[in-house]
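K.L.:
have a look at this prediction, sequence included:
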Amino acid sequence: DTAVSQTPKYLVTQMGNDKSIKCEQNLGHDTMYWYKQDSKKFLKIMFSYNNKELIINETVPNRFSPKSPDKAHLNLHINSLELGDSAVYFCASRLAGGAGELFFGEGSRLTVL
Amino acid sequence: GENVEQHPSTLSVQEGDSAVIKCTYSDSASNYFPWYKQELGKRPQLIIDIRSNVGEKKDQRIAVTLNKTAKHFSLHITETQPEDSAVYFCAASHNTGANSKLTFGKGITLSVRP
């Protein structure tokens, strides 16, 4: 059973399009995150949600809109895609309190042409 | 906010040798320091972590040391094997409830030469 699953794994799209990535976790965690990993491998936090509530928004452009319908799901919608959005997007989850393991999904590689 | 620096950015060792990866952090309130390993094309996975009330922790061939005064922590891998080749990330956070976040270093690529 996959603990944190994301779909799709690969996305290739044109500039200006809108795309979504879905994430689900079956670990019973109450905090979920989106991280962006660029070509230099840097892992940068974008958002975190706790029990469906936005907790962290790291000055991400408002073209990125996360949505959490329940504490097991955190989706990411991106409007008007730009070349610089090309990256691997990782969903992750852990228990609130911050001292537990962060479990990552397999990543969604987005390529904007 | 927290700033985590990791150095060197690449490291190459001979199989069987030891590897040491160092990180520094800026926020003295940080009290949780995990290390993640990311193999090529895979997700980052936790390999070991340490809390600020402990100075050292070992798990088989890997160990982590923490110096709170100097605000640095290190990962030690002994008897390296080719399967240890990966990108290693250090991270830091402080436990303040739901808004706690992990800040990652930029990663180091470890290559183990057979």
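P.N.:
Sure thing, it's come through. Since we're looking at a predicted model, the values are computed, not measured.
K.L.:
and for B:Leu40, the neighbour number?
P.N.:
Using other Cβ atoms under 10 Å in any protein chain shown, B:Leu40 is surrounded by 8 other residues. The way it works is simple: take the backbone N, C-alpha and C, and place the C-beta from them, glycine included.
K.L.:
list the contacts of the residue nearest to A:Ser65 when sequence neighbours are not counted.
P.N.:
Sequence neighbours aside, A:His77 is the residue nearest to A:Ser65 in space, at 4.8 Å (criterion: Cβ to Cβ, 6 or more residues apart in numbering or on different chains). Neighbour list for A:His77: A:18-20, A:64-67 [criterion: Cβ atoms under 8 Å, 6 or more residues apart in numbering or on different chains].
K.L.:
check which residues of the helix or strand of chain A with the lowest mean pLDDT are buried.
P.N.:
Sorted by mean pLDDT, DSSP states H and E, the helices and strands of chain A end with strand A:53-57, the least confident at a mean of 85. Buried residues in strand A:53-57, defined by neighbour count with 16 or more other Cβ atoms under 10 Å in any protein chain shown: A:55-56.
K.L.:
could you pull out the buried residues of the next helix-or-strand element following that strand?
P.N.:
For strand A:53-57, the succeeding helix or strand toward the C-terminus, using DSSP states H and E, is strand A:64-70. For strand A:64-70, burial by neighbour count (16+ other Cβ under 10 Å) applies to A:64, A:66, A:68.
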